[in-house]
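J.: need a structure here:
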Amino acid sequence: MEKEKRLELIKLLLKNNKISTVRELAEILEEQYNLIFSMTTVAKDLQELNVTKVPNGANQSYYVLPEKNSAKSYREAFKKYRQDSVNSVIVKDSYILIKTEPGFARTINYCIDQMQLPHVLGTVSGNDVIMVLLKSAEEAEYVKYLLLET
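T.: Sure thing, here's the model as predicted:
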């Protein structure tokens, strides 16, 4: 099977199923389509398609395809959360701490990750706090500005 056709099939499967692992995807390809690919090949295909995992409540997370203009839609979602659920945004050295209402940090953290902000090295969240790591204090101030601009 040609690579492009394989990628299209994977897109179709991800749109119509909540697939949690590379192994699960490879098994579906084999069982339903009689196509056998190594898990390495399937993992590389997922990476090429820029697939991400999203949480599914208390259950396992699952793969989703990137949405068109997804960064913009997540920026809009973050603005809504910022108004209702963000209590404070503090810059300390090369990181930003965002204090949220209890239970909202992971959701807001996911929005921040999907916004694809420049200079962000990574994010970590707990129940009510998010830490955004950057290289310098100047970059932290800039990203804070991007997060808080209206």
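J.: so where do the strands sit in this structure?
T.: 52-56, 59-64, 86-92, 95-100, 122-125, 129-133 (DSSP state E).
J.: rank the ones you listed by pLDDT, which is bottom?
T.: With a mean of 77, strand 52-56 has the lowest mean pLDDT of the strands of the chain.
J.: so where's the longest helix in the protein?
T.: For the chain, the helix with the greatest residue count under DSSP state H is helix 70-85.
J.: same for that one, what does it pack against?
T.: Other elements packing on helix 70-85 under the criterion 3 or more C-beta pairs under 8 Å, 6 or more residues apart in numbering; DSSP states H and E are helix 105-114, helix 137-148. The way it works is simple: take the backbone N, C-alpha and C, and place the C-beta from them, glycine included.
J.: Listing request: residues of the chain with sub-threshold pLDDT.
T.: Residue ranges of the chain with pLDDT under 70: 57-59, 68-70, 150.
J.: Give me the domain ranges for it.
T.: Domain assignment for the chain by automatic domain parsing gives 3-64, 70-148.
J.: Quickly note the distance from residue 92 to residue 140.
T.: Residue 92 sits 8 Å away from residue 140, going by C-beta to C-beta, to the nearest Å.
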